[in-house]
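**Student:** Give the three-dimensional model of this entry:
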Amino acid sequence: MYLLRYISLLFVMLFTSVSGFALEAPKASVAFESGDYAEVNVSQMIKLRSKPGDNQRYFIEPTPVRFTATVMQMPKAGKFELVYDALTAWGVSPLPEVGHGGYLRVEGGEVIPVYLEIQAAEFINTNMAEQQQAEFYALHIYNYEKGPRFLVVSVNQQFVK
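**Tutor:** Numbering: from 1, shown residues only. Sure, this is the predicted structure:
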């Protein structure tokens, strides 16, 4: 419950004072301090959380994570209601604007689908190309048959290669 209040408070802070987050935290409507994004090994998460044959989605409390990955497909527009369902289940308000999805290759070689918040999608479309590597800030929002599912909220501009 504390995390939900924290998320809501940070939404308010972001919308009232964007300049305070310019260098310290990822630029996204879902705001955490940059130190809150734990570095994760996505390949290991896939191994631990994959449940082949299980068609259920398990919504989890949104957890801020960061990982290095390579853009395999540029953002594509779409409707992603499941993101809103997962975030609403945990009381996240206001909700981020999610209108794109894409594919990233993580360090273990797996290619994963990701949801992209509008600011992250815009950054990738204007500043990156396929096969470019970067550090991504994301929320781990649910687990499903093939492992964890992430909502990318920002790209660390200093780590785009």
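**Student:** In contact with S43, which residues?
**Tutor:** S43 makes contact with 106-110, according to Cβ atoms under 8 Å, 6 or more residues apart in numbering. Heads up, the C-betas are built off the backbone N, CA and C, glycines and all.
**Student:** Just among those, which is most surrounded?
**Tutor:** Highest neighbour count within these: V106, with 20 neighbours (other Cβ atoms under 10 Å).
**Student:** measure that residue to V92 for me?
**Tutor:** According to Cβ to Cβ, to the nearest Å, V106 and V92 sit 25 Å apart.
**Student:** Repeat that for M74.
**Tutor:** 27 Å.
**Student:** which one of these two has more residues nearby?
**Tutor:** Using other Cβ under 10 Å as the criterion, M74 and V92 rank with V92 on top: 21 against 14.
**Student:** doesn't the more buried one fall inside a helix?
**Tutor:** No - looking at V92 with DSSP: H, G, I helix; E, B strand; the rest coil, it is coil, so not inside a helix.
**Student:** How far does stretch 37-44 sit from its chain's centre?
**Tutor:** Relative to its chain's centre, stretch 37-44 lies at 12 Å (Cα atoms, centre = their mean, to the nearest Å).
**Student:** Please save the CA atoms from that stretch in CSV.
**Tutor:** Only the C-alpha atoms of stretch 37-44 are listed here, as CSV (Å, rounded to 0.1, in the frame of the first residue of the first chain):
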residue,chain,number,x,y,z
TYR,A,37,15.3,1.2,-10.2
ALA,A,38,17.0,-2.0,-9.2
GLU,A,39,19.3,-3.4,-11.8
VAL,A,40,18.0,-6.8,-12.9
ASN,A,41,19.1,-9.8,-15.0
VAL,A,42,16.1,-10.2,-17.3
SER,A,43,17.4,-13.6,-18.6
GLN,A,44,17.5,-14.9,-15.1
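**Student:** Now it: buried residues?
**Tutor:** Of the residues in stretch 37-44, 37, 40, 42-43 count as buried by neighbour count, 16 or more other Cβ atoms under 10 Å.
**Student:** where exactly do the helices run in this protein?
**Tutor:** Per DSSP state H, the chain carries helices over the ranges 2-16, 42-49, 81-89, 118-127.
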